[in-house]
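Student: missing the sequence, but the structure's below:
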């Protein structure tokens, strides 16, 4: 039987890290053309615009970097030394070919990260906190690897934000973060598949105290 090509519904249906690795191993080489272009995937640009407006530079961790779409969108990319973190070695390989990143870090956000405390000046993400992927508990590990005063800009699928307890998690993190702002944006453009054309994301920006 011919296997169904990877698509957004497949990504939203992921259950385990092994499922995640298998899907993106198949999707990596065609992801930009078969998904990002066809769906008019504008979330990386929206995240990049918020990062570009912040007064921050230094080392940046792109969480769930995939094929590097977020780093491609950064106008002020030269301010940063950017590391790409992703569960998929195939997606990381595509990202590294674009020469946007200093290092590729293959890691599972549901497990301990192989990174030192207080490493990064900025932690950013577009497309990782969504259905079938990562929940709010991963924020603890990301805060650990960030420096004091580090900037965070994290896109969270709006439905996932509500169903997985992100609001409650941010309330618990209150003493550890500051300047929390939530930006409600469209994920896709008008040419996207009608089933997902109106999907929204909450972009959370804040600083680590």
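Tutor: On my side now, so go ahead. From a predicted model like this one, the values you see are computed outputs, not experimental measurements.
Student: Helices along the protein, start to end?
Tutor: Per DSSP state H, the chain carries helices over the ranges 8-12, 17-27, 31, 43-52, 69-73, 89-97, 138-144, 158-163, 166-172.
Student: how about these, which one is nearest residue 127?
Tutor: Counting by CB to CB, residue 127 lies closest to helix 43-52 out of the helices of the chain; the figure is 6.3 Å. Heads up, the C-betas are built off the backbone N, CA and C, glycines and all.
Student: quick one on the thing from earlier: ranked by average pLDDT, which of the helices of the chain falls at the bottom?
Tutor: Among the helices of the chain, helix 8-12 carries the lowest mean pLDDT, at a mean of 66.
Student: What are the contacting residues of stretch 39-49?
Tutor: 8, 35, 69-70, 72-75, 124-127, 153, 155, 183, 185-193, 196, 201, 203 (CB atoms under 8 Å, 6 or more residues apart in numbering).
Student: related to what we said a few turns ago, can you say which of the helices of the chain is nearest to residue 119?
Tutor: helix 138-144 (9.2 Å).
Student: in the closest one, what counts as buried?
Tutor: Residues of helix 138-144 classed as buried: 138-139, 141-143 (neighbour count, 16 or more other CB atoms under 10 Å).
Student: Now distance to residue 27 too, for these, in CSV please.
Tutor: As requested, those are exported to CSV (distance: CB to CB, whole Å):
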residue, distance to residue 27
138, 22
139, 26
141, 25
142, 24
143, 30
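Student: which one of the helices of the chain has the most crowded surroundings?
Tutor: helix 69-73 (a mean of 23; mean count of other CB atoms under 10 Å).
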